[in-house]
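Asks: sequence first, predicted coordinates after that:
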Amino acid sequence: MAERAVRDRRAFLPAFPRVSVSLPRPLAAVLVALATVVGAGAIGWLSVAQGPIPATAILAGLVAAVVVSSDPRAGVWAVVAVMTLLPFAVIPVRVGLTLTLFEAAAIGALGVWGLRLLLRRDERIVSTAPAALIVLLLALTLFAFLLGIHHAYTSQTFHDYGKFVLAVLVGFVVWNTTYTLADARRLTAVLLLGASAAAAIGLALYAGGPGLTLRVLSRLIPYGYPSDRIVRYIEDDPARPMRLISTSVDPNSFGGLLAVTFVLAVAMAIARQRLLPRWLTVPAIGLLGAALLLTLSRGAWVGAAAGLAVLTVLRYRWLILPGGLLAAAALLLGIGASFIHRLYLGLTLQDAATRLRLMEYRNALAIIRAHPVFGVGFGEAPSITLQTGVSSIYLTIAERTGLLGLGVFLITVGAIALAGLRCWRRQRETAAGDLTLGLLAALATALTVGVFDHYFFNISFPHMVALFWLVCGLLLALAYPPKRVR
């Protein structure tokens, strides 16, 4: 048993290439000692001059840079760590442009992957119909962006669109560097670990109340985090319940992250073939589920329910009876009455937030009717009587890129889902089939959440765009595994 546990843990260690450098031992020892002394001195001076947080951040950044440069898969891990734990943090050094940590990690992953393509003859880019559709979708977003360039664009608009493109390309890196099932399992484990850590932070801050949340998150203001609306409440009313946000600023976007990873964790825990160890999946379910409820994001709740329904209908129908009994018991005993009441208000259109969304939908439909083919781009609406911005990825895509862009998006996602479904049917009795089913359920969760929220296609939330395409990239890697030329 002990040997098996060691093997399970080793399965999640990165398999990076070994680098051998031949140097005389005395010279190597001197170089290592010199680098250590210089590095320690620099970090120590920075700690005294700027404080321990910048020094620790720089040290962590240097370590991460070395790891990322060794393998693009490590770069994807860095992207996952940033998008779950510090999605809005910036590097506090301006070099013409203030880079976010997300950009730095994504550029690192893309850069290392690009170098491998140039330098290694056995590396190839996967070329299939879904790949062509993703490229076409990006091309349409670029065309719409350029078409709307006179609609009140700012430098931040250009910057945000660049991050959006990086986020989509992260999915390509995932697809083209996930060579084996072990690679897919490791990345899934990293995603669940990052989301669980974010949930744990959020739960700790929530338990400490508004005061602790304000004190802790205020420390992130120098690193690009907002200085207002730090503590979030229902309808921004401090008299109403506080919403859990962790380090993700927005409770709805954090709810989307939690919903996708919660469904994935459930799928891994109940899989017939052991994919991830129970010491990871069971605590993840508890942390992610509790945090998901406390975000008070109804769209995320419905999305998680849709993902669990996919798992139940396609594979685990035995869950219907115990799940139904638990739901009935919760209703009869009044457990979670406040959550049920909030969901009821939304479904019956009785609260202000839901009525506001209905107004946004009407406004979006008016914009689409006026600009049906290519949309209005990524700036403001050309009419002062209309405003862009709507809580639905589908209406957002139609606003920004027109019905043409929405059609291509739906076809692209449909092709990815169909490829994943075929892969699952071929391998349903294998571990790869169980992982594919979990990813299909996670994709269904994201697409359902997208009915009620916009952040999976919002240039201001590149980390959520990256999450969506990371799930798609893993699905495609299982359906169309990248091959190396031997």
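Replies: On my side now, so go ahead. Since we're looking at a predicted model, the values are computed, not measured. Residues are numbered from 1 along each chain as shown.
Asks: hey, which helix is longest across the chain?
Replies: helix 181-218 (DSSP state H).
Asks: low-confidence ranges, the chain, go.
Replies: For the chain, applying pLDDT under 70 flags the ranges 1-70, 93-96, 122, 327-350, 384, 483-486.
Asks: all strands of this structure, in order?
Replies: For the chain, the strands defined by DSSP state E cover 232-233, 242-243.
Asks: identify whichever of those lies nearest to A446.
Replies: Among these, the nearest to A446 by Cβ to Cβ is strand 242-243 (20.4 Å). (Each C-beta comes from the backbone N, C-alpha and C, glycine too.)
Asks: quick check: buried residues in the longest helix of the chain?
Replies: 181, 183-203, 205-206, 213, 217 (16 or more other Cβ atoms under 10 Å).
Asks: tally of neighbours for T180?
Replies: By other Cβ atoms under 10 Å, 13 other residues sit near T180.
Asks: again with R357
Replies: R357: 18 neighbours (other Cβ under 10 Å).
Asks: pretty sure it is touching G389, no?
Replies: No: taking contacts as Cβ atoms under 8 Å, R357 lies outside contact range of G389: 11.1 Å.
Asks: ok, back up a step: make CSV from the strands of the chain and add distance to T177 and mean neighbour count to it.
Replies: Putting the strands of the chain into CSV (distance: least, Cβ to Cβ, whole Å; neighbours: other Cβ atoms under 10 Å) gives the following:
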stretch, distance to T177, mean neighbour count
strand 232-233, 36, 18
strand 242-243, 36, 20
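Asks: turn the ones you listed into a markdown table, columns for distance to F102.
Replies: Below are the strands of the chain laid out as a markdown table (distance: least, Cβ to Cβ, whole Å):
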| stretch | distance to F102 |
| --- | --- |
| strand 232-233 | 21 |
| strand 242-243 | 23 |
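Asks: show me the helices in the stretch 1-150 of the chain, by range?
Replies: When secondary structure is read from DSSP state H, counting those that start in this stretch, the stretch 1-150 of the chain shows helices at 2-10, 25-50, 52-70, 72-85, 101-119, 129-147.
Asks: got it, and the stretch 301-450 of the chain?
Replies: Assigned by DSSP H, counting those that start in this stretch, the stretch 301-450 of the chain shows helices spanning 320-333, 337-347, 352-370, 393-426, 431-452.
Asks: among these, which is nearest V302?
Replies: Nearest to V302 among those is helix 431-452; the distance by Cβ to Cβ comes to 6.1 Å.
Asks: tell me the angle that closest one makes with helix 181-218.
Replies: Using axes from the mean of the first three to the mean of the last three Cα atoms, to 10 degrees, the direction of helix 431-452 lies 40 degrees away from that of helix 181-218.
Asks: backbone dihedrals for Y225, please?
Replies: phi -80, psi 150 (degrees, to the nearest 10).
Asks: please renumber the chain so that the first residue is 28 from this point on.
Replies: In the new numbering, first residue 28, that becomes Y252.
Asks: so what's it closest to, chain neighbours aside?
Replies: F115 (5.7 Å; Cβ to Cβ, 6 or more residues apart in numbering).
Asks: now the closest residue to S273 other than its chain neighbours: how far from R212?
Replies: Nearest non-adjacent residue to S273, counting by Cβ to Cβ, 6+ apart: G229, 3.2 Å away. From G229 across to R212, the span is 26 Å (Cβ to Cβ, to the nearest Å).
Asks: repeat for V403
Replies: 42 Å.
Asks: try L291
Replies: Per Cβ to Cβ, L291 is found 12 Å from R212.
Asks: how many residues are close by R246?
Replies: Using other Cβ under 10 Å, R246 has 10 other residues around it.
Asks: what do you get for A317?
Replies: Burial of A317 is recorded as 17 neighbouring residues (other Cβ under 10 Å).
Asks: so who does it touch?
Replies: For A317, the contact set (Cβ atoms under 8 Å, 6 or more residues apart in numbering) comprises 226, 230.
Asks: can you give me the distance of it to Y233?
Replies: Separation of A317 from Y233 (Cβ to Cβ): 9 Å.
Asks: repeat that for G316.
Replies: Per Cβ to Cβ, G316 is found 14 Å from Y233.
Asks: what do you get for S254?
Replies: 21 Å.
Asks: same thing with A194?
Replies: Separation of A194 from Y233 (Cβ to Cβ): 28 Å.
Asks: and A171, by the same measure?
Replies: From A171 to Y233 the distance is 39 Å (Cβ to Cβ).
Asks: also F191?
Replies: Distance of F191 to Y233, given as Cβ to Cβ: 30 Å.
Asks: for stretch 207-214, the distance to its chain's centre please.
Replies: Distance of stretch 207-214 from the chain centroid (Cα atoms, centre = their mean, to the nearest Å) equals 17 Å.
Asks: just the CA atoms of it, as PDB, please.
Replies: What follows is stretch 207-214, C-alpha atoms only, in PDB (Å, rounded to 0.1, in the frame of the first residue of the first chain):
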ATOM      1  CA  THR A 207      -0.600  11.400 -22.700                       C
ATOM      2  CA  LEU A 208      -3.400  10.600 -20.200                       C
ATOM      3  CA  ALA A 209      -0.900  11.300 -17.400                       C
ATOM      4  CA  ASP A 210      -0.400  14.800 -18.800                       C
ATOM      5  CA  ALA A 211      -4.100  15.400 -18.700                       C
ATOM      6  CA  ARG A 212      -4.400  14.000 -15.200                       C
ATOM      7  CA  ARG A 213      -1.700  16.200 -13.900                       C
ATOM      8  CA  LEU A 214      -3.200  19.300 -15.400                       C
END
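Asks: what lies in contact with it?
Replies: Residues from elsewhere that reach stretch 207-214 (Cβ under 8 Å, 6+ apart): 38-39, 41-42, 100, 103-104, 107, 201, 204-205, 302-303, 458-459, 462, 497, 501, 504-505.
Asks: picking up where we left off before, pipe the helices of the stretch 328-477 of the chain into a markdown table and attach distance to A266 per row.
Replies: A markdown table is the format used below for the helices of the stretch 328-477 of the chain (distance: least, Cβ to Cβ, whole Å):
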| stretch | distance to A266 |
| --- | --- |
| helix 347-360 | 27 |
| helix 364-374 | 15 |
| helix 379-397 | 14 |
| helix 420-453 | 31 |
| helix 458-479 | 25 |
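Asks: give the contact list for S487.
Replies: Counting by Cβ under 8 Å, 6+ apart, S487 makes contact with D187.
Asks: thinking again about what came up before, residues touching the residue nearest to S273, list them.
Replies: The contact partners of G229, by Cβ under 8 Å, 6+ apart, come to 271-275, 281, 318, 321.
Asks: farthest-apart pair in those residues, please.
Replies: T274 and L321 (14.8 Å).
Asks: so how far is stretch 107-127 from its chain's centroid?
Replies: Taking Cα atoms, centre = their mean, one finds stretch 107-127 lying 15 Å from the centre of the chain it belongs to.
Asks: same check on stretch 478-489?
Replies: On the basis of Cα atoms, centre = their mean, stretch 478-489 sits 11 Å off its chain's mean C-alpha point.
Asks: can you pull the buried residues of it?
Replies: Within stretch 478-489, the residues that count as buried by 16+ other Cβ under 10 Å are 479-489.
Asks: same question for stretch 290-306.
Replies: Neighbour counts over stretch 290-306 (16+ other Cβ under 10 Å) mark 290-298, 302-303 as buried.
Asks: narrow the residues you listed to those in helices?
Replies: 290-297.
Asks: ok, those residues vs Y421, which is closest?
Replies: V290 (20.2 Å).
Asks: list the contacts for F191?
Replies: 168, 486, 489, 492 are the contacts of F191 under Cβ under 8 Å, 6+ apart.
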